[in-house]
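**Student:** Any chance you can model this:
(chains A and B, ligands or ions: 4)
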Amino acid sequence: MKFSIYRYNPEKDEKPYMQDYDVELQPTDRMLLDAILRIKALDDSLGLRKSCREGVCGSDGMNINGKNGLACITPLKDLKEPVVLRPLPGLPVIRDLIVDMSQFFKQYHSVKPYLVNDNPPPQKERLQSPEEREELNGLYECILCACCSTSCPSFWWNPDKFVGPAALLQAYRFIADTRDDATSERLDNLEDPYRLFRCHSIMNCADACPKGLNPTEAIGKIKEQMVRRMV
Amino acid sequence: MTLSRQIFDTVIVGGGGSGLRAALQLAEAGHNVAVFSKVFPTRSHTVAAQGGIGASLGNMQEDHWLWHMYDTIKGSDYLGDQDAIEFMCRKAAEVVYELEHFGMPFDRNPDGTIYQRPFGGHTQNFGERAVQRACAAADRTGHAMLHTLYQRNVRARCQFFVEWMALDLIRDYEGAVVGIVALEMETGEVMVFQSKATILATGGAGRIYQSSTNAFINTGDGLGMAARAGIPLEDMEFWQFHPTGVAGAGVLITEGVRGEGGILLNANGERFMERYAPNMKDLASRDVVSRAMDQEIKEGRGVGPERDHVLLKLDHLGAEIINKRLPGIREIALKFAHVDPIREPIPVVPTCHYQMGGIPTNYYGQVVVPRGANPSEPVPGLYAIGECACVSVHGANRLGTNSLLDLLVFGKSAGDHVSEWLKTHPRHRDLPRNAAERSLERLARLDSTAPGERVTDVSADMRRTVQQHAGVFRTGTLLAEGVEKIREVGQRARSTTIDDKSRVFNTARIEALELENLAIVAEATLVSAQAREESRGAHAREDFKERDDKNWLKHSLWYLDGSRLDYKPVNLQPLTVESFEPKIRVY
Ligand SMILES: Cc1cc2nc3c(=O)[nH]c(=O)nc-3n(C[C@H](O)[C@H](O)[C@H](O)COP(=O)(O)OP(=O)(O)OC[C@H]3O[C@@H](n4cnc5c(N)ncnc54)[C@H](O)[C@@H]3O)c2cc1C
Ligand code: SF4
Ligand code: SF4
Ligand code: FES
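**Tutor:** Ligands and ions are numbered 1, 2, ... in the order given. From the prediction side, this is the model:
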């Protein structure tokens, strides 16, 4: 199978280039990650992150034939050749397919991604109805792979000022949690021309999410809550 | 060569569930702690845990920690230490409620309490009938737990060293552990981290097997670090084979599927577990189910063109339950088995899943080694928690849901113990001269241009060897051959070569270093397994089919130096209740 892969090693290369590979696959190789590892067995200098190989850890986000996704759950049979692999767009490249995710995590941390509830906890669990819990579905499952934020034009232009879809999804995850008491501070934190309002609902993020989550919808709900508290 | 150095009260190696739980305990107590991880913490393999966390909350039916304790001891085939097991089962409710308070998105019952599902080996009233004890967040419990713990650490402003690989422990002349040597992947820089206390929380080493539910990063680094520093590894012959790995892919299908009512079928469409475990059937403990499956396959009742797997049927649960309680499983089945479990069964085989053995500790998380007449003397300054540790609460076979519990309970208790330790040990001990020598030698070898074998070739041989020689069923001959082969693999692992000599994010170098650790774990496994001439829990010998309490009710200790074995007694004495005497195990 034929591949064209983005290569860049800052110690050796003046600038990035695309390297072609033609690799023989085994019948057991089903996912893109399997094929990349065949290539890496021949050329150990190819850099990428990987861990769980089942789409739950969020390590191997990359740009695959122009679309962001996780190599480990992208079936080879669906891919057009040569398969063009590039690092996630918009973040600084450390090496090959490995990007510097600092800005992405900084935005995640900026939304206070933890439960805030200053009441002393009860002896047992805090109660929550199944319906209230259901509100968290589609939010808590995020694996922080950055496929969404790095497909968002607003994030490309303002990664330091626009929170980005992944972190906004998590901001809403806590707003939606009946156990969280900090909704108004959370909304204050986002009430800013950039932090939230740079989102123009282009939906790239929802298209890119390999876990089928929908940040645009969550962003819409945050905007709704802001409007609601104004009236 | 002098390396730069940083100083912390506590260094934690590992940002999975156990490392993060310990970090939280220390950071919230105001200590200066640094957590090292090869990957961003939420990418640790705890994220993959699916089914649940065991705790006798009694939200579904009556339950009691003593029943949980009994189930755990029986599950362990009596090799578990009963003091540690009592400690864990008594603390279970407390640590689960805390996790809920931290924000864990548990599933809920109509009355608002945490939803609990049935799991293998968990029973009411000392084995009478199955009980719902596994606290679950859909089938993404580990993901929910790991993210919750990370989030809580963000709140506590814990300091992380992300994408740093710890290479070796530093021990001083009196044997105390005084820090670690670590490598920053992004720059290739090596640094010394001096600490008063060091906690290993590096997870399992399931990657020694060819077919495994474990992530690529589960390479037993903490075990390698400990073994190179002269610390023995305990009970390494006991590896859990999970009954339901997706055939051909290795990806796990949680036991929660059988908890929710899924059943195993052979080629004749027979629910064969009824023959092997008339009472608990498909929810017997994992070693029992895996052996039954292997037996069915061996006797020609396997499914598929090669008759090499069995089927996990769950379509009878209905689309609603599957979508609500097992959405992740459906996703995995569609992607990795190309079947929709709402309509078709999933092809499954026993797959290496969990390491019961590890670095010997007590229930405070202190690493303990034999010294003089004391089989369990603490190593000053060193702790181990989570899958890399052997407390031993899982003995010869772990019950499902008891690992996530173990991470929380012992992560917390190690954190508390370190807090106490820091009070009585306010000063850093001096670093020995040449503290980083061993690590630098390992790196220098990989920098040299001496010829050697490729890392991928040696690691493939290692995995094949362990798979063939230390599988579900073992024999003396098979193990003896395996020991020979694995020693050779070990030699080869120490003389690999890599083409990539660069500094910046050199993943080839990381993989070569990981292979050295894996090879140590693999040798410990085969040597310990060859010596143990009995069948107990996950260690099933065809040539010694019975459990032999007279000679083998004891823990193995393997030392890297000379590949030597030693043993220590099992602690049959709980903390407050009466001892559970070894009995024949039936489910
Ligand atoms: C698919 C699957 C499903 C499971 N389901 C369940 C379940 O439902 N219930 C249950 O109780 N148990 C379950 N288990 C078992 C349980 O998930 C694991 O035993 C547990 O999560 C291990 O946690 P840990 O903290 O010990 O290590 P891990 O979560 O594996 O974390 C190890 C950490 O150590 C770091 N590390 C390793 N080496 C180094 C190094 N050299 N330098 C720096 N950092 C290092 C890694 O980066 C990582 O952060 C499951 C296991 C698997 C594989
Ligand atoms: S919907 Fe908003 S967040 Fe999503 S890609 Fe478009 S601009 Fe970005
Ligand atoms: S929302 Fe989806 S794409 Fe974005 S980080 Fe989370 S899992 Fe990845
Ligand atoms: S390797 Fe974990 S998401 Fe792909």
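
**Student:** Residue B:447: neighbouring residues, count only.
**Tutor:** Residues lying near residue B:447 (other CB atoms under 10 Å in any protein chain shown) number 12. C-beta here means a position set from N, CA and C on the backbone, and glycine is covered the same way.

**Student:** who's in contact with it?
**Tutor:** residue B:501 (CB atoms under 8 Å, 6 or more residues apart in numbering or on different chains).

**Student:** all helices of chain A, in order?
**Tutor:** Remark: helices assigned in chain A by DSSP state H are A:32-42, A:102-110, A:130-134, A:153-157, A:165-175, A:183-190, A:204-208, A:215-230.

**Student:** Please read the previous query as pertaining to the stretch 1-150 of chain B.
**Tutor:** Using DSSP state H, counting those that start in this stretch, the helices of the stretch 1-150 of chain B run over B:17-28, B:65-75, B:82-102, B:141-155.

**Student:** Ok, which of those comes nearest ligand 3?
**Tutor:** helix B:141-155 (10.7 Å; CB to the nearest ligand atom).

**Student:** Specify the angle between the closest one and helix A:102-110 in degrees.
**Tutor:** Here the directions of helix B:141-155 and helix A:102-110 differ by 80 degrees (axes from the mean of the first three to the mean of the last three CA atoms, to 10 degrees).

**Student:** what helices or strands is helix B:141-155 leaning on?
**Tutor:** Under the contact definition 3 or more CB pairs under 8 Å, 6 or more residues apart in numbering or on different chains; DSSP states H and E, helix B:141-155 sits against helix B:17-28, helix B:82-102, helix B:402-424.

**Student:** again, only this time at 10 Å
**Tutor:** helix A:102-110, helix A:165-175, helix B:17-28, strand B:53-54, helix B:82-102, strand B:129-135, strand B:159-162, helix B:402-424 (3 or more CB pairs under 10 Å, 6 or more residues apart in numbering or on different chains; DSSP states H and E).

**Student:** Put together a markdown table for the ones you listed, with mean pLDDT on each row.
**Tutor:** Shown next, in a markdown table, are the helices and strands packed on helix B:141-155 (pLDDT from 0 to 100):
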| stretch | mean pLDDT |
| --- | --- |
| helix A:102-110 | 97 |
| helix A:165-175 | 98 |
| helix B:17-28 | 98 |
| strand B:53-54 | 98 |
| helix B:82-102 | 98 |
| strand B:129-135 | 96 |
| strand B:159-162 | 98 |
| helix B:402-424 | 97 |
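
**Student:** looking at these, which is closest to ligand 2?
**Tutor:** helix A:165-175 (3.7 Å).

**Student:** quick one, that closest one and helix A:102-110 angle?
**Tutor:** 10 degrees.

**Student:** Next, count neighbours for residue 117.
**Tutor:** Since you didn't name a chain, this refers to chain A. Around residue A:117 there are 15 residues (other CB under 10 Å).

**Student:** that's the other chain; I wanted chain B
**Tutor:** By other CB under 10 Å, neighbour count at residue B:117 equals 25.

**Student:** now do the one 5 residues further on
**Tutor:** Neighbouring residues of residue B:122 were enumerated by other CB under 10 Å; the total is 30.

**Student:** which ones are touching it?
**Tutor:** B:52, B:54, B:56, B:63, B:67-68, B:71-72, B:75, B:116, B:130-134, B:259, B:280, B:283, B:285, B:399-402 (CB atoms under 10 Å, 6 or more residues apart in numbering or on different chains).

**Student:** Equivalent analysis for residue B:258, please.
**Tutor:** Applying CB under 10 Å, 6+ apart, the residues near residue B:258 are B:51, B:118-120, B:243-244, B:264, B:273, B:281-284, B:289, B:312, B:314, B:400.

**Student:** What separation do you get for the most centrally placed residue in chain B and residue B:234?
**Tutor:** In chain B, the residue lying closest to the centroid (CA atoms, centre = their mean) is residue B:387, at 3.1 Å. Using CB to CB, to the nearest Å, residue B:387 is found at 13 Å from residue B:234.

**Student:** Give me the common contacts of these two.
**Tutor:** Common neighbours of residue B:387 and residue B:234 (CB under 10 Å, 6+ apart) are B:356-358.

**Student:** Including pLDDT, neighbour count and distance to ligand 2, could these go into JSON lines?
**Tutor:** Shown next, in JSON lines, are those (pLDDT from 0 to 100; neighbours: other CB atoms under 10 Å in any protein chain shown; distance: CB to the nearest ligand atom, whole Å):
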{"residue": "B:356", "pLDDT": "98", "neighbour count": "28", "distance to ligand 2": "45"}
{"residue": "B:357", "pLDDT": "98", "neighbour count": "31", "distance to ligand 2": "47"}
{"residue": "B:358", "pLDDT": "98", "neighbour count": "31", "distance to ligand 2": "44"}
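
**Student:** Looking at those residues, which one is closest to residue B:476?
**Tutor:** Nearest to residue B:476 among the shared contacts of residue B:387 and residue B:234 is residue B:357, at 20.1 Å by CB to CB.

**Student:** one step back: out of the helices of the stretch 1-150 of chain B, which comes closest to ligand 4?
**Tutor:** Using CB to the nearest ligand atom, the nearest of the helices of the stretch 1-150 of chain B to ligand 4 is helix B:141-155, at 11.2 Å.

**Student:** right, is that closest one up against ligand 1?
**Tutor:** Yes. Contact of helix B:141-155 with ligand 1 (CB under 6 Å from any ligand atom) involves B:141-142.

**Student:** What's the local residue count around whichever residue of the stretch 151-300 of chain B sits closest to ligand 1?
**Tutor:** Relative to ligand 1, the nearest point of the stretch 151-300 of chain B is residue B:203 (2.4 Å; CB to the nearest ligand atom). For residue B:203, the neighbour count with other CB under 10 Å is 31.

**Student:** For the spatially most central residue of chain A, give me its contacts.
**Tutor:** Most central in chain A under CA atoms, centre = their mean is residue A:146, positioned 2.1 Å from the mean C-alpha point. Counting by CB under 10 Å, 6+ apart, residue A:146 makes contact with A:58, A:61, A:68, A:88, A:90-91, A:99, A:101, A:103-105, A:108, A:155, A:164-166, A:208.

**Student:** switch to 6 Å and redo it
**Tutor:** Applying CB atoms under 6 Å, 6 or more residues apart in numbering or on different chains to residue A:146 gives the contacts A:61, A:88, A:104.

**Student:** Excluding chain neighbours, what is closest to the second one?
**Tutor:** Just to be clear, that refers to residue A:88. residue A:150 (4.0 Å; CB to CB, 6 or more residues apart in numbering or on different chains).

**Student:** ok, that neighbour to residue B:474 distance?
**Tutor:** 48 Å.

**Student:** what comes up buried for stretch B:479-497?
**Tutor:** B:479, B:481-483, B:485-487, B:489-490, B:492-494, B:496-497 (16 or more other CB atoms under 10 Å in any protein chain shown).

**Student:** same check, this time on stretch B:443-457
**Tutor:** Buried residues in stretch B:443-457 (16+ other CB under 10 Å): B:443, B:445-446, B:452, B:454-456.

**Student:** Report the rounded mean pLDDT for it.
**Tutor:** Mean pLDDT, stretch B:443-457: 93.

**Student:** Export it to PDB, keeping only CA atoms.
**Tutor:** Presented in PDB, the C-alpha positions along stretch B:443-457 are these (Å, rounded to 0.1, in the frame of the first residue of the first chain):
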ATOM      1  CA  LEU B 443      21.600   5.300  26.500                       C
ATOM      2  CA  ALA B 444      25.200   5.200  25.400                       C
ATOM      3  CA  ARG B 445      24.700   1.800  24.000                       C
ATOM      4  CA  LEU B 446      21.900   3.000  21.800                       C
ATOM      5  CA  ASP B 447      24.000   6.000  20.700                       C
ATOM      6  CA  SER B 448      26.800   3.800  19.600                       C
ATOM      7  CA  THR B 449      27.000   2.500  16.000                       C
ATOM      8  CA  ALA B 450      27.800  -1.100  17.000                       C
ATOM      9  CA  PRO B 451      25.800  -3.500  15.000                       C
ATOM     10  CA  GLY B 452      22.900  -5.200  16.600                       C
ATOM     11  CA  GLU B 453      19.400  -6.500  16.000                       C
ATOM     12  CA  ARG B 454      16.300  -4.500  15.300                       C
ATOM     13  CA  VAL B 455      14.100  -3.800  18.300                       C
ATOM     14  CA  THR B 456      10.900  -4.900  16.400                       C
ATOM     15  CA  ASP B 457      12.500  -8.300  15.600                       C
END
